[in-house]
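> model the following, please.
(2 chains)
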Amino acid sequence: MKHVELIGVSKSFEKQQNVLNEIDLSIEKGEFFVLVGPSGSGKSTLLRMIAGLEDITGGILKISDKTVNHLPPKDRNLSMVFQNYALYPHLTVEQNILFGLHVKKTPKKEQQKRLKETADMMGLTELLKRKPKELSGGQRQRVALARSVVSESPICLMDEPLSNLDAKLRAHMRIEIRRLQKKLGLTMIYVTHDQVEAMTMGDRIMVLNEGKIQQVGKPITLYNKPANLFVASFIGSPKMNMGKAVFSNQQLIIEDKLHLSLDRAEAAGIPKDKNLNIGIRAEHIFPGTHDNTTHELEVINVEQLGNETLITFEIGKELWTAKWLGQWNVHTGDKVAVSISMKNMSFFDADSGLLIKPASAEREQEVVAI
Amino acid sequence: MNMPLSRKLIFYTLLFVSALLVFAPAMIAFMMSFMTNQDIMAGNMIPTSLTFDNYLAVFDRFPLLNYLANSFIVSIVIMIGQLILCSLAAYAFVFMEFKGRDVLFFIFIATMMVPFEASVIPNFQTIRDLGLIDSYAGLSLPYFAMAFGTFLLRQNFKQIPKELKEASEIAGIGHFKFYLTVVLPVAKTSLVTLGVYGFLTSWNMYLWPLLSTTNDSVRTVQIGLKQLQSQEQLNEWGVIMAGGIIVVLPTLILLFLGQKKLQQGLAEGAIK
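From the prediction side, this is the model:
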């Protein structure tokens, strides 16, 4: 069932035209939907438009099949968690959580019941009498979540709720929010600029850039079949290795440096006369063994992460990173053997940026995984 | 602070001298209020004998208590009026969005450039036409709207994150409720500052009460003081000074209380 639906939604400010351009989107009931994009892409604006905090310049916004373009926020039956939590500094945790319920004239008994349940769920029972300034960042975050949960609204909007937390706490809260959403069956619309958050939390992701939808889909689809160069470079960490490519003399030449012999099956369907860009994921540049080594490349940087090793090479003007499992004794300046294969490459049209052909090897892996 | 002793000495001497200069009139008044007339005429600085006769005389000879009560009523009414109007205006300038808001605000602020003395005549005519001469309302009404207070509170309200307003909107809290339950408590410190400022200014005002009153029943204490001086053929300075000291007392009390509150407020902000 469609819960939130956007049809041709646009936004222009007085000084800035087309902050959002013809956004068509439908979000299912109980779905964890992530809006991701770089800063200035309009993702927060879109969320605020769904919340009703920002006017809609054009298009139709429907919630539960009702057009809500002109409904004030309170009548849209949703809750929102803000980046800076927006806790009332002069109220205790308990008052903060119950603030909205007073207004909705929820009976006292019901209020206390919900407060108790929510506080238990969030681990806030001990903190109810404290003021926000006496709480740590993670605790404030939980109060903000509790305030949104206690309203029992079916739709929950979150605007970069984790960006003020340190990395460890963030990883922990990611899991908590995800669990909470599943448990309560909330329809969640979650804005972030962090693609790791998007990948790990979302049922579906929408990538937004300069007010336009780049791609909507499951995290794995976005990773394996990025619709264009922007999505390819935005999703995944370390980012996808990119390079200009041309076909010549039965060879694929990348950045005038890497020469690969042409694999006919792989090259099928790729127009030879267009400007091409190729992309290859870091984990698909394999360490070269005796029989599969295709190139010898000079290492310009090594990052030891313990469980894996990131090795950076210089390919023409581009820096490529390879991700190898385990610990590798490689040093800057070394020449190492690598194995690069066409079947791991995604091909893009360099002019339009659109995907021509995704990496075929990944498709095989996907099948295996199922 | 690390400072050589010699420099410390110089600083403290300078501070002491300037403090003495600033405080001297008040000290002299305080001393004189306890002196007999002979002492004052002899030009003594330190009383040879302490007497409370001047204080008794001040209450005895003219309706000081009545004046004090008038001043209290007028000052408190002005203070409350200013707090209500200024906070409402500041709220509108911060939390309501309408076309021309900033322009309107600058025009509003520009009225600070018009001194009250310049608007005294139109104010007087208005009050007279409303028939409010010789009434508390006439004394206090012209002071209710204050650009400075609005400015002060607006700056303070602007520090309230706009997400608080948005969170309230989503929870279904309207403007007025948000103003009462969130903005006012959060901006408590500035409200106290403005209240103290408004009270002191109206306590000390002289020209307007003089113009808008014609009889002693509503006159304020500052005019009373002046009357003390001119009623006598030979000025009894001891009595005048005693009156002055009594009039200053509420101001001082308020200042001390307000200061404590202010410091609290400042500390609160620092910890956050």
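
> domains of chain B?
B:5-53, B:63-231 (automatic domain parsing).

> tell me the most buried of the ones you listed?
For those, the largest average neighbour count (mean count of other CB atoms under 10 Å in any protein chain shown) is found in domain B:63-231, namely a mean of 17. Heads up, the C-betas are built off the backbone N, CA and C, glycines and all.

> quick check: phi and psi at B:K158.
Main-chain dihedrals, B:K158, degrees, to the nearest 10: phi -60, psi -20.

> check contacts around it.
B:V94 (CB atoms under 8 Å, 6 or more residues apart in numbering or on different chains).

> who's in contact with the closest residue in space to A:I315 that isn't next to it in sequence?
Once flanking residues are discounted, A:I315 sits nearest to A:E255: 5.0 Å by CB to CB, 6 or more residues apart in numbering or on different chains. A:E255 sits next to A:243-245, A:315-318 when contact means CB under 8 Å, 6+ apart.

> switch the cut-off to 6 Å
A:243-244, A:315-316, A:318 (CB atoms under 6 Å, 6 or more residues apart in numbering or on different chains).

> next one: B:S202
B:75, B:78.

> what helix or strand is it located in?
helix B:188-203 (DSSP states H and E).

> A:I189 too?
strand A:187-192.

> circling back to that earlier point, which of the contacts of A:E255 are buried?
Taking 16 or more other CB atoms under 10 Å in any protein chain shown as the criterion, what is buried in those is A:243-244, A:315.

> dump those residues into a markdown table; add secondary structure and pLDDT as well.
Output for the buried ones among the contacts of A:E255, formatted as a markdown table (DSSP: H, G, I helix; E, B strand; the rest coil; pLDDT from 0 to 100):
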| residue | secondary structure | pLDDT |
| --- | --- | --- |
| A:G243 | strand | 91 |
| A:K244 | strand | 91 |
| A:I315 | strand | 89 |
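
> just flag the most distant two among the contacts of A:E255.
A:K244 and A:I315 (10.0 Å; CB to CB).

> quick check: closest non-adjacent residue to the spatially most central residue of chain A.
For chain A, the residue nearest the mean C-alpha position is A:A198 (2.7 Å; CA atoms, centre = their mean). Leaving aside its sequence neighbours, A:A198 sits nearest to A:V36 (CB to CB, 6+ apart; 4.0 Å).

> tell me the pLDDT of residue 172.
Since no chain was named, I'll use chain A. Looking at A:H172, its pLDDT is 87.

> wait, chain B
88.

> and what of A:I253?
pLDDT, read off for A:I253, is 88.

> who's it bridged to?
Counting by DSSP bridges, A:I253 forms beta bridges with A:V246, A:H259.

> chain neighbours aside, what residue packs nearest to residue 227?
Looking at chain A here, since you left the chain open. A:A227's closest residue in space is A:Q215 (CB to CB, 6+ apart), at 4.1 Å.

> let me rephrase: I mean chain B.
In space, B:Q227 is closest to B:F62, 6.9 Å off (CB to CB, 6+ apart).

> do A:L229 as well
For A:L229, ignoring the flanking residues on the chain, the nearest one in space by CB to CB, 6+ apart is A:G353 at 4.3 Å.

> surely the one you found and A:N228 touch.
Yes: A:G353 lies in contact with A:N228 (CB atoms under 6 Å); the separation is 4.4 Å.

> quick one: contacts for whatever residue of the stretch 151-300 of chain A ends up closest to chain B?
Nearest residue of the stretch 151-300 of chain A to chain B, counting by CB to the nearest CB: A:S151, 7.3 Å away. When contacts are counted by CB under 6 Å, 6+ apart, A:S151 touches A:79, A:100.

> same check on the one 4 residues further on?
When the contact criterion is CB under 6 Å, 6+ apart, the partners of A:I155 are A:78, A:187.

> show me what it bridges to in the sheet.
Assigned bridge partners for A:I155, using DSSP bridges, are A:L78, A:T187.

> pull the number of nearby residues for A:P238.
Per other CB atoms under 10 Å in any protein chain shown, the neighbour tally for A:P238 reads 16.

> also A:D65?
9.

> how much space separates it from A:R204?
20 Å (CB to CB, to the nearest Å).

> about what we covered before: show me which of A:G353 and A:N228 is the more surrounded one.
A:N228 (18 against 15).

> list the beta-bridge partners for that one.
For A:N228, the beta-bridge partners are A:L354 (DSSP bridges).
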